[in-house]
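Student: pasted the sequence and its predicted model underneath.
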Amino acid sequence: MSKAAAQTVLGFDYGSRYIGIAVGQSVTATAAALETVQVRNGKPDWLRIQKLLEEWQPDAVVVGEPLNMDGTEQAMTVAARRFARQLHGRFGVPVHHVDERLSSVEARAQLAERGQLDRADHPYAAQLLLETWLADASLRACATTQSNVDGH
């Protein structure tokens, strides 16, 4: 992504009890953990999610897809995709997906390294998956720019 196309993006680490949320921006391809939103009786706290969308005014959102280690889908993959469709349907925001395998494991490892294992890992997992997506988007943009420069 070029600097002219700077974007704010929210990342969601969907879970059956909690959803971790992070905010990132495309210029530096970095993100910061925001908060955890509860899921009660299978329903996310849509009011809190709406307030975050209003506050940050993201250009898009990224929802992690929890896949098995071999890349196959699991029940949580289906639930995360449903959540992504609901985000788009309720708020009209563009939704992207990113493979989130091991994001929660990595988040817990980083928190342990900082002596903060008592913190909820959900927003940190959202931060990691969002940074992964932003880095991939930056690489795609660089490849597109290079192709245009090379005349391809």
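Tutor: Here it is on my side, so go on.
Student: what about the strands in this structure?
Tutor: Secondary structure of the chain (DSSP state E): strands at 8-14, 18-25, 30-40, 43-44, 60-65, 95-99.
Student: how about low-confidence regions in the chain?
Tutor: With pLDDT under 70 as the threshold, the chain has low-confidence stretches at 1-4, 101-120, 138-152.
Student: still on that earlier bit, most packed of the strands of the chain?
Tutor: strand 8-14 (a mean of 26; mean count of other C-beta atoms under 10 Å). C-beta: built from backbone N, CA, C; applies to glycine.
Student: quick one on the thing from earlier: to residue 121, which of the strands of the chain lies closest?
Tutor: Across the strands of the chain, the minimum distance to residue 121, taken as C-beta to C-beta, is reached by strand 18-25, at 7.4 Å.
Student: in the sheet, who's paired with the residue lying closest to residue 57 once chain neighbours are set aside?
Tutor: In space, and not counting its chain neighbours, residue 57 is closest to residue 8: 6.7 Å by C-beta to C-beta, 6 or more residues apart in numbering. With DSSP bridges as the criterion, the beta-bridge partners of residue 8 are residue 25.
Student: surely residue 8 touches residue 55?
Tutor: No. Using C-beta atoms under 8 Å as the test, residue 8 is too far from residue 55 to be in contact (10.5 Å).
Student: ok, residue 66 touching residue 98?
Tutor: No. Using C-beta under 8 Å as the test, residue 66 is too far from residue 98 to be in contact (10.7 Å).
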